[in-house]
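Chemist: model the following, please.
(chains A and B)
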Amino acid sequence: MTERLRVHVDPDKCQGHARCKALAPELFELDEYGNAHEAGDGTVPPGLEDKAWLAKSNCPEIAIDVIEE
Amino acid sequence: MSDVSQPVAHPPVTDWVNDFDHTDPQWTEDPFSIWEELRAASPVVHTERFLGCYMPTTYEAVREIANDSEHFSSRRIIVRDVRPEPARNAAPPITSDPPVHKPAKQLLLPPFTPDAMKKLEPRMRAICNELIDGFIADGKVDAAARYSKYIPVQAIAHMLGIPEGDSDLFIDWIHMILELGIKDESKLLQAVQEMSAYFRTHIEERRTNPTDDLISYLMNAKDKEGNPLEESHVLGSLRLLLIAGIDTTWSAIGSSLWHLAKTPADRERLIAEPGLIPTAVEELLRAYSPVTMAREVVKETTISGCPVKAGNMVLLSFPAANRDPKMFPDADKVVIDRRENRHAAFGLGIHRCVGSNLARMEMQVALEEWLKRIPDFRLDPAGAVTWSQGTVRGPRQLPFLLGKAM
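Modeler: From the prediction side, this is the model:
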């Protein structure tokens, strides 16, 4: 059984670099100011795990958590 | 008045660790080895030049300062020889501190989201191709003067709604503010006055003929209480958008082409795998970050264990942070498929560059269109590459030979 992943953006840390949206558009959304939040409840659909980790490791503000459930 | 007195002498630097000077010709030519020496000495170094200035040399120290607006103010954002009293509404939000920073920033963000940039992309591709049409038959070109310079100028002119034909005027103002202004206050003041007069004329025109551009957007913007912005705020933000959007991206596109001109393997890979261009753009932004910002220490504190005293400036070198080997493996190599890249080319913290999505789009489009039409190019051995001095680093002359080497 593979682990399920969930992504979360800390809104206090996000500064709108939008790297997550560029790297994992299925997992993140941007608001009218360009600041990011996770799509839906942040659950990472199977097959997109790599993109979740990629988004996390490219966020300059260290605002993204990937939670293994 | 001390701020228009004799120019300050800048003797050649012999002791970089205790006497650094980012306007020294050696820094302009090759800052990378200097940063390495400074980083080996301390996470924070100091110079008596510029009336006293620190420089954080590690990624971590840069992040600490960027995230600390309590001790480090943005009221002065260029390290210069003089410290005239900062103008109110100099260039909000880049010159703003909390709490006035946030509303000023939020005002500018919506026109610069990735979705907004997508709408601009076709125009950018057309601009790039028009520029290439102008020189491709010549077999050689100064890519800084004929290509990388005009892409961001025309983009921001298009967004602001001012004539793209005024490009050379904008470039003169920027040179006066960001380069000559470090040592000559009168040049900076002259440029600021001329820009304000220029924008006032455009504002006046829009009072009778409203348009769908950033000037009209800012003229009609309201603050949280529903009041229109002060004229000085509108002019300050317009000056910021014009200055910040031009020689920064000019530099980034130029440095990228310079790298590709002398690295055929990277060029060939990007032509074979154009999908890698966005990743390569991030790496080129890391390795050749153009923009160094500044802060003013307003309250004593410590950074990475080093005491920092009020009254000094801080040279906030995002480019040096991006070369820190503790943060980036092979920091001195350009790895165009680097997977993990938390580079700070657009700053960190609340002052993250408002135009970062625009700059990224311009860089991607500029490289894509260039490589499609000019897959082979190299530095012209008969010419010389020159680099800008001071706050924004990039090639200002970039002589290339186009086509396969004979």
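Chemist: make it CA atoms for all contacts and neighbour counts henceforth
Modeler: Noted.
Chemist: let me see the contact set for residue 53.
Modeler: In the absence of a named chain, chain A is used. Residues near residue A:53 by Cα atoms under 8 Å, 6 or more residues apart in numbering or on different chains: residue A:66.
Chemist: try again with chain B
Modeler: Contacts of residue B:53 were listed using Cα under 8 Å, 6+ apart, and they are B:46, B:47, B:79, B:312, B:313, B:314, B:315.
Chemist: what are the phi and psi angles of the third one?
Modeler: It stands for residue B:79. phi -80, psi 120 (degrees, to the nearest 10).
Chemist: hmm, back to that, just the contacts of residue B:53 now: which is nearest chain A?
Modeler: Nearest to chain A among these is residue B:315, at 19.8 Å by Cα to the nearest Cα.
Chemist: quick one, what contacts that closest one?
Modeler: B:53, B:54, B:55, B:56, B:79, B:292, B:293, B:294, B:295.
Chemist: distance of it from residue B:98?
Modeler: 20 Å (Cα to Cα, to the nearest Å).
Chemist: in chain A, which helix has the most residues?
Modeler: For chain A, the longest helix by residue count, based on DSSP state H, is helix A:49-57.
Chemist: picking that back up, export the contacts of residue B:315 to JSON lines and append columns for secondary structure and pLDDT.
Modeler: Below are the contacts of residue B:315 laid out as JSON lines (DSSP: H, G, I helix; E, B strand; the rest coil; pLDDT from 0 to 100):
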{"residue": "B:53", "secondary structure": "strand", "pLDDT": "98"}
{"residue": "B:54", "secondary structure": "strand", "pLDDT": "98"}
{"residue": "B:55", "secondary structure": "strand", "pLDDT": "98"}
{"residue": "B:56", "secondary structure": "strand", "pLDDT": "98"}
{"residue": "B:79", "secondary structure": "coil", "pLDDT": "93"}
{"residue": "B:292", "secondary structure": "strand", "pLDDT": "97"}
{"residue": "B:293", "secondary structure": "strand", "pLDDT": "96"}
{"residue": "B:294", "secondary structure": "strand", "pLDDT": "97"}
{"residue": "B:295", "secondary structure": "strand", "pLDDT": "98"}
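Chemist: among the residues you listed, which one lies nearest to residue B:325?
Modeler: The shortest approach to residue B:325 among those belongs to residue B:56, at 14.5 Å (Cα to Cα).
Chemist: my guess is the closest one contacts residue B:316. True?
Modeler: Yes - using Cα atoms under 8 Å, residue B:56 is in contact with residue B:316, at 6.7 Å.
Chemist: common neighbours of the two, please.
Modeler: In contact with both residue B:56 and residue B:316: residue B:62, using Cα under 8 Å, 6+ apart.
Chemist: hang on, the earlier thing: mind listing the strands the helix or strand just after the longest helix of chain A pairs with, and their directions?
Modeler: On the C-terminal side of helix A:49-57, the nearest following helix or strand under DSSP states H and E is strand A:64-68. Pairing partners of strand A:64-68, with direction, according to DSSP bridges: strand A:5-9 (antiparallel).
Chemist: between helix A:49-57 and the partner strand, find me the angle.
Modeler: Angle of strand A:5-9 versus helix A:49-57, following axes from the mean of the first three to the mean of the last three Cα atoms, to 10 degrees, is 30 degrees.
Chemist: how about the stretch 201-350 of chain B: which residue is closest to chain A?
Modeler: residue B:342 (4.4 Å).
Chemist: now that residue: how far from residue B:173?
Modeler: When residue B:342 is compared with residue B:173 (using Cα to Cα), they lie 32 Å apart.
Chemist: do the same with residue B:403
Modeler: 35 Å.
Chemist: same check, this time on residue B:293
Modeler: 19 Å.
Chemist: ditto for residue B:295
Modeler: From residue B:295 to residue B:173 the distance is 23 Å (Cα to Cα).
Chemist: cool, and residue B:260?
Modeler: 30 Å.
Chemist: may I have the longest helix along chain B exported as PDB, CA atoms only?
Modeler: Longest helix in chain B by number of residues (criterion: DSSP H): helix B:185-208. Only the C-alpha atoms of helix B:185-208 are listed here, as PDB (Å, rounded to 0.1, in the frame of the first residue of the first chain):
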ATOM      1  CA  GLU B 185      22.900  62.600  -6.700                       C
ATOM      2  CA  SER B 186      22.100  65.200  -9.300                       C
ATOM      3  CA  LYS B 187      21.800  62.600 -12.100                       C
ATOM      4  CA  LEU B 188      19.300  60.600 -10.000                       C
ATOM      5  CA  LEU B 189      17.200  63.700  -9.200                       C
ATOM      6  CA  GLN B 190      17.200  64.800 -12.800                       C
ATOM      7  CA  ALA B 191      16.000  61.400 -14.000                       C
ATOM      8  CA  VAL B 192      13.300  61.200 -11.300                       C
ATOM      9  CA  GLN B 193      12.000  64.700 -12.200                       C
ATOM     10  CA  GLU B 194      12.000  63.900 -15.900                       C
ATOM     11  CA  MET B 195      10.100  60.600 -15.300                       C
ATOM     12  CA  SER B 196       7.500  62.300 -13.100                       C
ATOM     13  CA  ALA B 197       6.900  65.000 -15.800                       C
ATOM     14  CA  TYR B 198       6.600  62.300 -18.400                       C
ATOM     15  CA  PHE B 199       4.000  60.300 -16.400                       C
ATOM     16  CA  ARG B 200       2.100  63.500 -15.500                       C
ATOM     17  CA  THR B 201       1.600  64.200 -19.200                       C
ATOM     18  CA  HIS B 202       0.300  60.600 -19.700                       C
ATOM     19  CA  ILE B 203      -2.000  60.900 -16.600                       C
ATOM     20  CA  GLU B 204      -3.400  64.200 -17.900                       C
ATOM     21  CA  GLU B 205      -4.200  62.600 -21.300                       C
ATOM     22  CA  ARG B 206      -6.100  59.800 -19.600                       C
ATOM     23  CA  ARG B 207      -8.300  62.200 -17.700                       C
ATOM     24  CA  THR B 208     -10.000  63.000 -21.000                       C
END
